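# Build me a model from this:
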Amino acid sequence: MDGQPGLGAAGRAVVVTGGASGIGQAIAEAFRANGDRVVVLDRAAGSGTIQVDVAGETSVHEAFGSAREQLGGIDILVNSAGLLTESPLEEMSLSTWNETLAVDLTGVFLCCREVVGHMRRQRWGRIINISSQLAIKGGTGLSHYSAAKAGVIGLTKSLALELAPHNVLVNSIAPGPVATPLVDGISESWKAAKRAELPLGRFGTPAEVAPTAVLLASDPGGNLYVGQTLGPNSGDVMP
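Numbers count the residues shown, from 1 in each chain. Alright, predicted model coming up:
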């Protein structure tokens, strides 16, 4: 089998963007519990965190350079950094639209671009992009977020086709509503209506999403997932 780093072994080098809180933090903790070496990139400065603006090309390049220095390479990338605001499209400013697309979609592109060459050369890598179930079904007042997350799924599929022949697997996770700081700014009326739609009747927790990322990066468990979107979403979307 192709590949060398991490195939079933502990100590793989993992980078998680947006890993200081919410789903990203839970994913970083899950990989650490698996014995992997994890570097967190986040816009919030903190102990053990490399600060980054994922929408900024220079900031991303410098942050990934620091991550590579710490880890000696990057085997697994999880793109979890995100921005979520609420606005009807008719009232939405261009700056709000652009900011959401910059963080939630362009940021994924910039971070992927930093690792694909190394992963392709070493003939092993895993990229996991965090999308949303709203990429599939849309959401009232969330057209900018839904559009960006739909773009993440399209990017994931295209990059998966490019890299699968090199044993680099790219997939996405499209969680349903999850109780995280990211959704704190969404109105209570929206959250109540969404909760009532869910067959499970409740939002998920970050710890319930994180194992999906570990699965996609595992051997042999993740070895056949190519360009897929997995949906831990409380039943909100049933493809």
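# Going by C-alpha atoms from here, please, whenever you check contacts or count neighbours.
Fine.
# for the longest helix anywhere in the chain, packing partners?
Across the chain, the longest stretch assigned as helix under DSSP state H is helix 143-163. With contacts defined as 3 or more C-alpha pairs under 8 Å, 6 or more residues apart in numbering; DSSP states H and E, the packing partners of helix 143-163 are helix 94-101, helix 107-122, strand 125-130, helix 134-137, strand 168-173.
# How far off centre is the third one?
So that's strand 125-130. Centre-to-centre, strand 125-130 and its host chain are 7 Å apart (C-alpha atoms, centre = their mean, to the nearest Å).
# ok, and what's touching that strand?
The contact list for strand 125-130 (C-alpha atoms under 8 Å, 6 or more residues apart in numbering) reads 75-80, 108, 112, 119, 152, 156, 167-175, 213, 216-217.
# Mind doing that once more with 6 Å?
Contact with strand 125-130 is made by 75-80, 119, 168-173, 217, as judged by C-alpha atoms under 6 Å, 6 or more residues apart in numbering.
# now, which of these sits nearest Phe64?
Leu77 (10.6 Å; C-alpha to C-alpha).
# Can you list the strands that the strand or helix carrying that closest one pairs with?
Per DSSP states H and E, Leu77 falls inside strand 76-79. Applying DSSP bridges to the sheet, strand 76-79 is found paired with strand 13-17 (parallel), strand 125-130 (parallel).
# need those in JSON lines with distance to Lys137, can you?
Below are the strands paired with strand 76-79 laid out as JSON lines (distance: least, C-alpha to C-alpha, whole Å):
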{"stretch": "strand 13-17", "distance to Lys137": "25"}
{"stretch": "strand 125-130", "distance to Lys137": "16"}
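# Would you mark the buried spots in stretch 88-105?
97, 99-105 (16 or more other C-alpha atoms under 10 Å).
# now for those residues, which pair is the farthest apart?
Largest separation among these by C-alpha to C-alpha: Trp97 and Leu105, giving 11.5 Å.
# Looking at the contacts of strand 125-130, which one is closest to Glu208?
Closest to Glu208, out of all of the contacts of strand 125-130 and judged by C-alpha to C-alpha, is Ile173, at 12.1 Å.
# ok, so what distance separates the closest one from Gly72?
To Gly72, Ile173 is 27 Å away according to C-alpha to C-alpha, to the nearest Å.
# neighbour-wise, which of those two wins?
With neighbours defined as other C-alpha atoms under 10 Å, Ile173 and Gly72 compare such that Ile173 has more, 25 against 10.
# What residues does the more buried one make contact with?
Going by C-alpha under 6 Å, 6+ apart, Ile173 touches 130-131, 229-231.
# In a markdown table: the contacts of strand 125-130, plus pLDDT and distance to Pro239.
Converted to a markdown table, the contacts of strand 125-130 look like this (pLDDT from 0 to 100; distance: C-alpha to C-alpha, whole Å):
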| residue | pLDDT | distance to Pro239 |
| --- | --- | --- |
| Asp75 | 98 | 30 |
| Ile76 | 98 | 27 |
| Leu77 | 98 | 26 |
| Val78 | 98 | 23 |
| Asn79 | 98 | 23 |
| Ser80 | 98 | 22 |
| Met119 | 98 | 31 |
| Val168 | 98 | 25 |
| Leu169 | 98 | 22 |
| Val170 | 99 | 19 |
| Asn171 | 98 | 16 |
| Ser172 | 98 | 15 |
| Ile173 | 98 | 13 |
| Ala217 | 98 | 22 |
